[in-house]
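Q: Sequence and predicted model, in that order:
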Amino acid sequence: MKAISILLPATIFALVSVQPALAQDDSAAPKTRAEVKAETKDAVKSGAIPRGDASPTMNKDSTKSTASRPAVKAETKAAEKSGAIPRGDASDTMNKDTSKSTASRPAVKAETKAAEKAGEIPRGEAQPKP
């Protein structure tokens, strides 16, 4: 049992350490530092190697605007005025008041006073009467 526990790790270590040596290709001649630098420079220019967070193809102005700055500002101002651009975090449906009352203010006050007198409107944390 002791021989197996010693031979197994040694065999695994030997197999793992030999693998990288066998994977190297001896037929390819080593490149000089200048050759590697030139290849890298060409790859960066061609866009094969991305720079920073975005690749060079993403930085190209494929969606460049043809409108002038004052024209864009005027268009934005007109869209804001017409309500096409929502303001803040709320959507258009939240900003529009769809529950307009048709009753006059004195009529609403009288209705509220009558409901309060009848006990339909609870005061404070009291429970409404059944």
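A: Right, received. Where do you want to start?
Q: what about stretch 29-47, average pLDDT?
A: The average of the pLDDT scores along stretch 29-47 is 90.
Q: before we move on, what about stretch 115-124?
A: For stretch 115-124, the mean pLDDT works out to 85.
Q: Okay, and the nearest residue to residue 85 once chain neighbours are set aside sits in which element?
A: Of all residues not flanking residue 85 in the chain, residue 79 sits nearest, at 5.0 Å (Cβ to Cβ, 6 or more residues apart in numbering). Backbone N, C-alpha and C define where each C-beta goes, glycine included. Assigned by DSSP states H and E, residue 79 belongs to helix 69-82.
Q: now do residue 44
A: helix 33-46.
Q: for residue 120, same thing?
A: Applying DSSP H and E, one finds residue 120 in no helix or strand.
Q: Low-confidence stretches in this protein?
A: Applying pLDDT under 70 to the chain picks out residues 1-5, 7-8, 15-16, 18-28, 53-62, 89-98, 126-130.
Q: again, only using 80
A: Counting by pLDDT under 80, the chain shows low-confidence ranges at 1-29, 47, 50-64, 86-100, 122-130.
Q: Break down it into its strands, ranges please.
A: For the chain, applying DSSP state E gives no strands.
Q: Show residues contacting the helix holding residue 79.
A: Residues outside helix 69-82 that contact it (Cβ atoms under 8 Å, 6 or more residues apart in numbering): 65, 67, 85, 87.
Q: Among those residues, which one has the most neighbours?
A: For the contacts of helix 69-82, the largest neighbour count, defined by other Cβ atoms under 10 Å, is 12 neighbours, found at residue 85.
Q: Residue 50 - how many residues pack around it?
A: For residue 50, the neighbour count with other Cβ under 10 Å is 13.
Q: Phi and psi next, for it.
A: phi -70, psi 150 (degrees, to the nearest 10).
Q: Next one: it from residue 63, what distance?
A: 19 Å (Cβ to Cβ, to the nearest Å).
Q: Then residue 105?
A: With Cβ to Cβ as the criterion, residue 105 and residue 63 are 53 Å apart.
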